[in-house]
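Sequence and predicted structure are below.
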Number of protein chains: 2
Amino acid sequence: MTSATRLVKFEGQFRMHRAGALESPTLAFETWGELTDAKDNAILIFTGLSPSAHATSCVEDPAPGWWEDMIGSGLPIDTDRFFVICVNSLGSCFGSTGPASVNPLTGKRYRLSFPVLTLEDVAESAWLVVRHLGIEKLHTVVGCSMGGMSGLALCVRHPESTRSFVSISSATRAMPFSIAVRSLQREMIRSDPNWRKGNYKSGKPPIMGQRLARKLGMITYRSAEEWVQRFGRERSTEHARIEDQFVAEFSVESYLENHANKFTGAFDPNCYLYLSHASDLFDLAEYGGSLQSGFKRLQLERTLVIGVRTDILFPLEQQRELAAGFAEVCDDAQLVELDCIRGHDSFLVEMDAFRPVLCDFFE
Amino acid sequence: MTSATRLVKFEGQFRMHRAGALESPTLAFETWGELTDAKDNAILIFTGLSPSAHATSCVEDPAPGWWEDMIGSGLPIDTDRFFVICVNSLGSCFGSTGPASVNPLTGKRYRLSFPVLTLEDVAESAWLVVRHLGIEKLHTVVGCSMGGMSGLALCVRHPESTRSFVSISSATRAMPFSIAVRSLQREMIRSDPNWRKGNYKSGKPPIMGQRLARKLGMITYRSAEEWVQRFGRERSTEHARIEDQFVAEFSVESYLENHANKFTGAFDPNCYLYLSHASDLFDLAEYGGSLQSGFKRLQLERTLVIGVRTDILFPLEQQRELAAGFAEVCDDAQLVELDCIRGHDSFLVEMDAFRPVLCDFFE
């Protein structure tokens, strides 16, 4: 949580989608730009699994945000025109209530007593923030990766909540390859003896499991094609000095090592488990019994689906399925397939490819 | 090791490709069919990482082999015509000397004192078996997955060892995606506290790490496309009875669980580490400094490269690279790209697609 993050506490019970409730949860969010008097220029951004609400820098917090090159004055999501909101997902650990938060009813951290989290809960809680800001209808919902499904959850449950929807490298629901990857990541953390069924000790989190999970994450977030170009069979410079034959020998191994070291410690392992599981659970087809019936509940004036050829986690076929569904119920439905080589992560790193597409959409 | 497995011990030092030596190693192998008087009908099969020498059943051992539907009387690798040899790779644990074997010089298991294993060592030791059988030139070398690279190692080091070469779902060398996957699998095993730097106790192997590694294996051996068709978002039948939200909920998770349970215990974890590492190390370009120079050392009359569209571990581009290299140095070089949906494992499970291709080749 950074200095620009605002907190709002919703007094009373927040009923969870599957079962159970949270007592007076807090949501963390940031905003940029000015809301018009007509309150018709608000854009809500749903994040992927791990980012905070700090999507871009501002005067109070000049640290670069996770989508720094996309949001700001003169940028595709133009803060001179739009009032931009980014909420830290319910269940996360950057200010919003999640498994690492203290349960006000017990005075102890929730840990695994946190109720099952769904993207419906992420959506409903973000909608509370929007309403709290006095906004009744959003200009656009933008959802990246998991956030695209959170956005779909909002649109299908509150069809009048937004005029437009932009889905980036997301899907109508998870397919078995992604479920298998995430399930294995969760098992890595749960298998770490330090996890202790969620009751890991302060200062002794399941680092080993988190490192493994992050490495598998990187393998599925990027692409084989990028790595052939970037690393090939280049050897790691550190390797020559190390005698153990199983320590990173190739540059790609050192790269994974560096990423794993950066991530672990930065994210609560229980929050990770809950959000990862929520990504598996969402299914637009649960609204009416089929994808078609789910799409029929939407009331969107404009939609844009962006996908990337090399994304193995949310592959192009899923982008096409999503775009085709929107086209059935929305007169202005656009699909853009990008030829980026950085896989699922492209929306975070191949800004030159993504910016023009979002620029066009918002112009 | 089964009742049809034969053992041969090579007295004296076996010098390893990178460094070190093995004292009088044993190689396990099986054969099927009869060698002609001219000794010109022998086919040598190099296996993937985990199979034993028991490629197919026989009178002495009627248990189905790992390539049961490919080798036998009237089958594509026809034991009525050919004398077929399959060697358990050096470094494995089904009869051949490996890290789980006792070092005759110390009377203790090698474990991590086993020298660095390369596919050159796998190839050279298999070649000793072939020579032991009185064969000077093979009719064909067939290599599947890792075995394709072992086969290449043989062909580049002993250009007169075979007339023909069949590579199935293999490559000239590993690329970073596969290296990353295998490196992570090794780290899973090495991170298991029970591994104890290779000194795991009898009856207490690093099961947890092996389970995780096997699951990641399955994720990369099959394909997203197969799993969409096979599992979709189907729920596991066991799940309803279990309260823990993180226990397998989707059928694909139960599938991985079943495969992990079958594999662990069946393969020595240290042997796995060595063979996995050897798969990363092989590079045809080490022969003369470039792939081209490596190919130029080959003296093959006929080559066949088979690859599968949905293979993410040894993708089609690598099949094309291999076939193009063969075509430069061999008049009869064929590439067959199969449209199977079972990914890398297709050669083990989509026999109806593979059999006709091998039939044509051997006719």
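Sure, I can see it.

and stretch A:220-237, how far apart are its ends?
Using C-alpha to C-alpha, to the nearest Å, the end-to-end distance of stretch A:220-237 comes to 25 Å.

Off-centre distance for that stretch?
25 Å (C-alpha atoms, centre = their mean, to the nearest Å).

Kindly report the same for stretch A:19-34.
That offset, for stretch A:19-34, works out to 15 Å (C-alpha atoms, centre = their mean).

What sits closest to residue A:118 if chain neighbours are left out?
The shortest distance from residue A:118 to any non-neighbouring residue, by C-beta to C-beta, 6 or more residues apart in numbering or on different chains, is to residue A:17 (4.4 Å). No exception for glycine: its C-beta is placed from N, CA and C like everyone else's.

and the one you found, how many neighbours?
20 (other C-beta atoms under 10 Å in any protein chain shown).

now residue A:335
If we define neighbours as other C-beta under 10 Å, then residue A:335 has 18 of them.

Quick check: beta-bridge partners of it?
Taking DSSP bridges as the rule, residue A:335 bridges to residue A:305.

so where's the stretch 201-350 of chain A uncertain?
Along the stretch 201-350 of chain A, the model assigns pLDDT under 70 to residues A:238-243.

Around chain B, which positions in it sit nearby?
Within reach of chain B by C-beta under 8 Å from any C-beta of the partner chain, the stretch 201-350 of chain A has these residues: A:208, A:212, A:215-216, A:218-219, A:223-224, A:227-228, A:230-233, A:245-246, A:248-253, A:256, A:273, A:277, A:280, A:283, A:312, A:315.

what does the stretch 51-200 of chain A give?
So far as C-beta under 8 Å from any C-beta goes, the stretch 51-200 of chain A lies against chain B at A:116, A:173-177, A:179-181, A:183-184, A:186-188, A:190-191, A:193.

go again using 10 Å as the cut-off
Counting by C-beta under 10 Å from any C-beta of the partner chain, the residues of the stretch 51-200 of chain A close to chain B are A:112, A:114-117, A:173-193, A:197-198.

ChimeraX command to pick out the buried ones of those?
Buried residues within those, by 16 or more other C-beta atoms under 10 Å in any protein chain shown, are selected in ChimeraX with:
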select /A:114,115,117,173,174,175,176,177,178,179,180,181,182,183,184,185,186,187,188,189,190,191,192,198
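
buried residues in stretch A:21-28?
Buried, per 16+ other C-beta under 10 Å, within stretch A:21-28: A:22, A:25, A:26, A:27, A:28.

again with stretch A:78-92
A:78-79, A:81-92.

Dump these into a markdown table; add secondary structure, distance to residue B:38 and pLDDT as well.
Below are those laid out as a markdown table (DSSP: H, G, I helix; E, B strand; the rest coil; distance: C-beta to C-beta, whole Å; pLDDT from 0 to 100):
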| residue | secondary structure | distance to residue B:38 | pLDDT |
| --- | --- | --- | --- |
| A:78 | strand | 80 | 98 |
| A:79 | coil | 82 | 98 |
| A:81 | coil | 83 | 98 |
| A:82 | coil | 81 | 98 |
| A:83 | strand | 85 | 98 |
| A:84 | strand | 79 | 98 |
| A:85 | strand | 81 | 98 |
| A:86 | strand | 76 | 98 |
| A:87 | strand | 77 | 98 |
| A:88 | coil | 76 | 98 |
| A:89 | coil | 72 | 98 |
| A:90 | coil | 76 | 98 |
| A:91 | coil | 72 | 98 |
| A:92 | coil | 72 | 98 |
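
So which of the residues of the stretch 201-350 of chain A next to chain B belong to helices?
A:208, A:212, A:215-216, A:218-219, A:224, A:227-228, A:230, A:251-253, A:256, A:273, A:277, A:280 (DSSP state H).

List buried residues within those.
A:208, A:212, A:215-216, A:218-219, A:224, A:227-228, A:230, A:251-253, A:256, A:273, A:277, A:280.

Look up how far chain B lies from the residue most central in space within chain A.
Per C-alpha atoms, centre = their mean, the C-alpha nearest to the average position across chain A is that of residue A:48, at 1.0 Å. Separation of residue A:48 from chain B (C-beta to the nearest C-beta, to the nearest Å): 19 Å.

which residues touch that residue?
A:66, A:89, A:143-148, A:150, A:168-170, A:221, A:275, A:279, A:344-345, A:347-348 (C-beta atoms under 10 Å, 6 or more residues apart in numbering or on different chains).

repeat for residue A:267
So residue A:267 contacts A:49, A:50, A:52, A:92, A:93, A:94, A:100, A:205, A:210, A:213, A:214, A:275 (C-beta under 10 Å, 6+ apart).

how about the closest residue to residue A:75 other than its chain neighbours, secondary structure?
Spatial nearest neighbour of residue A:75, excluding adjacent residues (C-beta to C-beta, 6+ apart): residue A:69 at 6.9 Å. For residue A:69, the assignment made with DSSP: H, G, I helix; E, B strand; the rest coil gives coil.

which residues touch the residue nearest to residue A:118?
A:115-124, A:153, A:157, A:278, A:281-282 are the contacts of residue A:17 under C-beta under 10 Å, 6+ apart.

One more: residue A:195?
A:188, A:189, A:205, A:206, A:208, A:209, A:210, A:269, A:270, A:273.

and the closest residue to the last one other than its chain neighbours, what pLDDT?
Which is residue A:273. Take residue A:273 and drop its neighbours on the chain: the residue closest to it by C-beta to C-beta, 6+ apart is residue A:186, 5.3 Å away. pLDDT for residue A:186: 97.

right, and residue A:186 touches residue A:272 too?
Yes. Counting by C-beta atoms under 10 Å, residue A:272 is a contact partner of residue A:186 at 7.9 Å.

Overlap of the contact sets of these two?
Joint contacts of residue A:186 and residue A:272 (C-beta under 10 Å, 6+ apart) are A:209, A:213.

Which residue ranges of chain A form strands?
A:6-9, A:13-15, A:21-23, A:26-32, A:42-46, A:71-72, A:77-78, A:83-87, A:102-103, A:108-109, A:138-144, A:162-168, A:302-308, A:332-338 (DSSP state E).

Any stretches of the stretch 1-150 of chain A with poor pLDDT?
Scanning the stretch 1-150 of chain A for pLDDT under 70 picks out the ranges A:1-2.

Point me to the residue of it nearest chain B.
When scored by C-beta to the nearest C-beta, the stretch 1-150 of chain A has residue A:116 as its residue closest to chain B, at 5.2 Å.

That residue is in contact with residue A:274, isn't it?
Yes. Using C-beta under 10 Å, residue A:116 is in contact with residue A:274, at 7.9 Å.

what residues are shared contacts of these two?
In contact with both residue A:116 and residue A:274: residue B:245, using C-beta under 10 Å, 6+ apart.

Next, the distance between the ends of stretch A:13-31.
End to end - C-alpha to C-alpha - stretch A:13-31 spans 25 Å.

so how far is that stretch from its chain's centroid?
With C-alpha atoms, centre = their mean as the basis, the mean position of stretch A:13-31 lies at 17 Å from the chain mean.

Also stretch A:299-315?
14 Å.

Over to stretch A:71-82?
On C-alpha atoms, centre = their mean, the centre of stretch A:71-82 falls 21 Å from that of its chain.

Can you list the buried residues in stretch A:143-162?
So stretch A:143-162, judged by 16+ other C-beta under 10 Å, has buried residues A:143-156, A:158, A:161-162.

same question but for stretch A:50-67, I mixed them up
Buried, per 16+ other C-beta under 10 Å, within stretch A:50-67: A:50, A:51, A:52, A:53, A:54, A:55, A:56, A:57, A:58, A:65, A:66, A:67.

Grab the two from those residues that are most spread out in space.
A:50 and A:58 (20.6 Å; C-beta to C-beta).

where's the residue nearest to residue A:205 when sequence neighbours are not counted relative to residue A:199, distance?
Of all residues not flanking residue A:205 in the chain, residue A:269 sits nearest, at 5.6 Å (C-beta to C-beta, 6+ apart). Residue A:269 is 11 Å from residue A:199, where distance means C-beta to C-beta, to the nearest Å.

Between these two, tell me which one has more neighbours.
residue A:269 (25 against 10).
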